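Chemist: predicted structure and sequence below. I'll ask about it afterward.
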Amino acid sequence: MHIVTTRDQMRTARAHHGTIGFVPTMGYLHEGHLSLVRRAKEECGAVAVSIFVNPTQFGPTEDLTAYPRDLDRDLQLLRDAGADIVWTPHTHDIYPTGATTYVDVTTLTDTLEGARRPGHFRGVATVVTILLAVTTPTRIYLGQKDAQQAVVLRRMITDLGFGTDIVIAPTVREADGLALSSRNTYLDEDQRHAALCLSRALNAVTAAWLTGERNAAALRACGVSIITAEPLADLAYFSVADPDTLVEIPDGSALDPARGALVSTAVTIGVPTLIDNVILPPL
Ligand code: AMP
């Protein structure tokens with residue numbers, strides 16, 4: 001496994017391979033990340049993984065310095081998962097001195113995580129543009145766990161003509177339903193238990209959808225009631241939106257069974273705000 005730091009080193013390492021699957025991460029890896037690496041390994045000649053805690057996607061009051069890191073462990077996990085190249089840039093390798101260029105994906109970033117975290121997707125789109133420009137992968141592997149990020153990056157990759165195929169892989173969960181996240185490490189035992197309200201709410205909404213509930217307000221209320229019943233949970237949003245445009249389905253409207261919906265939520269439990277989502281399948 002080749003470990004590189006600078007852009008030039010990454011370009012040189014990449015040139016040794018034909019088809020490349022690329023998995024961008026912020027490190028502190030778990031099975032969710034590793035599922036992407038393994039899938040990329042199955043589908044591509046070689047796998048490149050980046051580990052970079054990207055400062056531009058954190059707001060001023062967010063957890064940039066506290067974000068968990070363990071590079072040695074990450075590298076061992078990536079070796080075991082079959083990664084070929086790991087890019088661990090320093091901040092100045094990504095943002096050269098004097099950098100003033102940003103990538104803004106509009107409209108899709110006005111809602112959900114974009115509304116809750118102003119500037120977040122500008123940071124994500126900018127770093128992924130730089131990572132793609134240097135790595136020039138055949139395919140990029142992203143997790144459904146960050147549903148809006150996947151929609152935003154798909155739009156960006158199409159609009160900017162990268163020509164990179166996008167694979168969105170399913171959310172990996174603990175046996176009890178909690179979506180794996182590097183931020184779960186902030187939770188104590190009681191909070192870890194309380195965090196199950198996210199998947200419980202999403203499962204209840206899915207069950208309601210599958211048994212015929214089509215009213216957007218009723219589906220939202222079903223999820224909200226489960227989360228607000230959890231004393232340690234502070235609900236930021238619970239959304240039932242169009243899966244492509246991310247536009248919220250209005251209260252009085254019925255969902256189109258042929259389109260389905262993206263149901264997503266953000267809930268603060270102690271320190272971290274956890275996000276999770278499900279897609280209501282078209283019927
Ligand atoms: P992060 O390190 O949080 O930036 O995540 C890197 C990539 O892993 C993103 O594409 C995430 O969507 C994906 N990811 C994070 N958690 C999960 C999970 N539980 N299941 C599947 N993919 C995930």
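Modeler: Okay, I see it.
Chemist: how about the contacts made by the residue of the stretch 101-250 of the chain found nearest the ligand?
Modeler: As assessed by CB to the nearest ligand atom, the ligand sits closest to Gly143 within the stretch 101-250 of the chain, at 2.2 Å. To be clear about C-beta, it is placed using only N, CA and C from the backbone, and glycine gets the same treatment. Contact analysis of Gly143 by CB atoms under 8 Å, 6 or more residues apart in numbering lists Gly32, His33, Leu36, Ala150, Ile168, Ala169, Thr171, Val172.
Chemist: how does it look with 10 Å?
Modeler: Contacts for Gly143 were tallied using CB atoms under 10 Å, 6 or more residues apart in numbering; they are 23, 25, 32-33, 35-36, 149-150, 168-172, 179-181.
Chemist: show me what the strand or helix carrying Val124 is packed up against.
Modeler: Following DSSP states H and E, one finds Val124 within helix 120-135. The contact analysis (3 or more CB pairs under 10 Å, 6 or more residues apart in numbering; DSSP states H and E) places helix 120-135 against helix 7-15, strand 20-25, strand 46-51, strand 85-87, helix 91-94, helix 112-116, strand 139-143, helix 147-160.
Chemist: so what does the second one touch, helix or strand wise?
Modeler: Translated: strand 20-25. Using 3+ CB pairs under 10 Å, 6+ apart: strand 20-25 touches helix 7-15, helix 31-43, strand 46-51, helix 71-81, strand 85-87, helix 120-135, strand 139-143, strand 165-169.
Chemist: what residues does the first one touch?
Modeler: Helix 7-15 is contacted by residues 2-4, 6, 20, 22, 46, 48, 50, 84-89, 93-94, 96, 130-131, 133-137 when judged by CB under 10 Å, 6+ apart.
Chemist: would you put the C-alpha positions of it in PDB?
Modeler: What follows is helix 7-15 as a C-alpha-only set of coordinates in PDB (Å, rounded to 0.1, in the frame of the first residue of the first chain):
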ATOM      1  CA  ARG A   7      -0.400  16.400  -4.900                       C
ATOM      2  CA  ASP A   8       2.600  15.400  -7.000                       C
ATOM      3  CA  GLN A   9       3.100  12.200  -5.100                       C
ATOM      4  CA  MET A  10      -0.600  11.400  -5.500                       C
ATOM      5  CA  ARG A  11      -0.400  12.000  -9.200                       C
ATOM      6  CA  THR A  12       2.600   9.800  -9.600                       C
ATOM      7  CA  ALA A  13       1.100   7.000  -7.500                       C
ATOM      8  CA  ARG A  14      -2.100   7.200  -9.500                       C
ATOM      9  CA  ALA A  15      -0.300   7.000 -12.800                       C
END
